[in-house]
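Student: missing the sequence, but the structure's below:
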């Protein structure tokens, strides 16, 4: 019987159990609490799952390479496969004496080229009794020598139709937990979860196919606010509110752009603004991030605006 060596967070093996105390139920991160335990619990990529099921059933599991955006089920899939192949005792004991081991390398695209070349030799040396699963976000950062030794599977972003049922399940479970704690009269700070339809829509829109992000934002927002509404979700992650975006678009469409050129800044404010803009231009020429420098440019004009308003108030 093969055994399993996992190179990931041991909390991934946590299974949701309502028999736990209120403190235990509240403290766990929702991403780990609601991680799928079996292949049947996975909500997407059924073609990939069916293919791997056949490999496992025929005892012909190859080296695997899972790639795609974060939060799309790569780690959950291989953990579910491991739980199907091995018993809980074998997973927890990490016995390395059997003929068939499974090694999971998560975020392998962070490895240097030299490290990946060394891994290639390890895979070649131990291919008879070990199967490797390499997980990454960017396939282009994995050297061709490793890619050619693995069967590649791309995990695309989840659709809204796939995310919504799982989101509804998590909401129902958390509401049940709150009720259990209330009925048991435990001295645990468990905030009831209230979520309206706009809040759900905002969560899915912000996630952009990332189920992990949905759960993380939902948990953070539920702890910060009494009601998880659209505005509260956007405020929690620092995203502009819909009404603010609408105001900006209306200003851009209705106001005359020539007004911007006719603004009269005091000389010392104009000098300070030009000084900041010259620094931004220099940093851009040095190859820094355009996004960061655009933010710096906006901040420079905001500082100049605040200075003008402050001078107007003191006069």
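Tutor: Yes, it's here. What you are looking at is a predicted structure, and each value in this text was computed from that prediction instead of being measured.
Student: Heading C-terminal from the helix or strand residue 180 falls within, find the next helix or strand.
Tutor: Assigned by DSSP states H and E, residue 180 belongs to helix 160-184. Per DSSP H and E, helix 160-184 leads on to strand 194-195 as the next helix or strand towards the C-terminus.
Student: What pairs with that following strand, parallel or antiparallel?
Tutor: Using DSSP bridges, the strands paired with strand 194-195 are strand 227-228 (parallel).
Student: which residues make contact with the partner strand from outside it?
Tutor: If you take Cβ atoms under 8 Å, 6 or more residues apart in numbering as the criterion, strand 227-228 is touched by 193-196, 199, 203, 218, 221-222. Where C-beta positions appear, they are placed from N, C-alpha and C, glycine not excepted.
Student: ok, residues contacting the helix or strand following that strand?
Tutor: Downstream of strand 227-228, the first helix or strand assigned by DSSP H and E is helix 230-237. Contacts with helix 230-237, where a contact means Cβ under 8 Å, 6+ apart, come from 196, 198-199, 201-203, 206, 217, 220-221, 224-225, 239-242.
Student: Out of the residues you listed, which is nearest to residue 250?
Tutor: residue 242 (12.5 Å; Cβ to Cβ).
Student: In terms of helices and strands, where is residue 278?
Tutor: In the assignment (DSSP H and E), residue 278 maps to helix 267-285.
Student: Just the terminal-to-terminal distance for stretch 202-213.
Tutor: 12 Å (Cα to Cα, to the nearest Å).
Student: can you start the count at 590 instead of 1 from here on
Tutor: Noted, 590 is the first residue going forward, which turns the last one into stretch 791-802.
Student: how about it: buried residues?
Tutor: Neighbour-count burial for stretch 791-802 flags 791-793, 795-796, 798-802 (criterion: 16 or more other Cβ atoms under 10 Å).
Student: could the residues you listed be laid out in CSV, adding secondary structure and distance to residue 643?
Tutor: Listed next are the buried residues of stretch 791-802 as CSV, based on DSSP: H, G, I helix; E, B strand; the rest coil; distance: Cβ to Cβ, whole Å:
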residue, secondary structure, distance to residue 643
791, helix, 39
792, helix, 35
793, helix, 32
795, helix, 36
796, helix, 31
798, coil, 27
799, coil, 28
800, helix, 25
801, helix, 28
802, helix, 31
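Student: what's the most distant pair in the residues you listed?
Tutor: 791 and 801 (16.6 Å).
Student: what's the biggest strand by length in the chain in contact with?
Tutor: In the chain, taking DSSP state E as the definition, the longest strand is strand 719-725. With contacts defined as Cβ under 8 Å, 6+ apart, strand 719-725 is touched by 650-656, 663-664, 667, 689-698, 708, 712, 731, 735, 739.
Student: can you give me how far it is from the chain middle?
Tutor: Offset of strand 719-725 from its chain centre (Cα atoms, centre = their mean, to the nearest Å): 20 Å.
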